[in-house]
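Participant: What would the 3D arrangement of this be:
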Amino acid sequence: MQNKPINRLKVVLVERGKTSKWLAQMLEKNETTVSRWCTNEVQPSLETLSQIAALLEIDIKELLNSSR
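Facilitator: Residues are numbered from 1 along each chain as shown. Have a look, this model is predicted:
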């Protein structure tokens, strides 16, 4: 069984015309960390997801895949 990606961060960044490097700079995080979020290797905390949503001016729900 293949794991379903939890976050949509990579897709949303593309939709907004932003890069993972930009996000890393804005959050003062390592680019490798943000890259791992984008590939769903690891997940950002809810607090970080909230910060990302604010930076991208979107609802936090847009960063998550539906569990249905």
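Participant: Please tell me how far the nearest residue to Q51 once chain neighbours are set aside sits from L64.
Facilitator: The shortest distance from Q51 to any non-neighbouring residue, by Cβ to Cβ, 6 or more residues apart in numbering, is to L27 (6.3 Å). (Each C-beta comes from the backbone N, C-alpha and C, glycine too.) Distance, L27 to L64, by Cβ to Cβ, to the nearest Å: 18 Å.
Participant: got it, and T33?
Facilitator: 18 Å.
Participant: next one: N3
Facilitator: Taking Cβ to Cβ, one finds N3 at 15 Å from L64.
Participant: same check, this time on W22
Facilitator: W22 is 21 Å from L64, by Cβ to Cβ.
Participant: Those two - which one has more neighbours?
Facilitator: Per other Cβ atoms under 10 Å, whichever of W22 and L64 has more neighbours is L64, with 17 against 14.
Participant: excluding its backbone neighbours, what's nearest that one?
Facilitator: Per Cβ to Cβ, 6+ apart, closest to L64 is N7, 6.0 Å.
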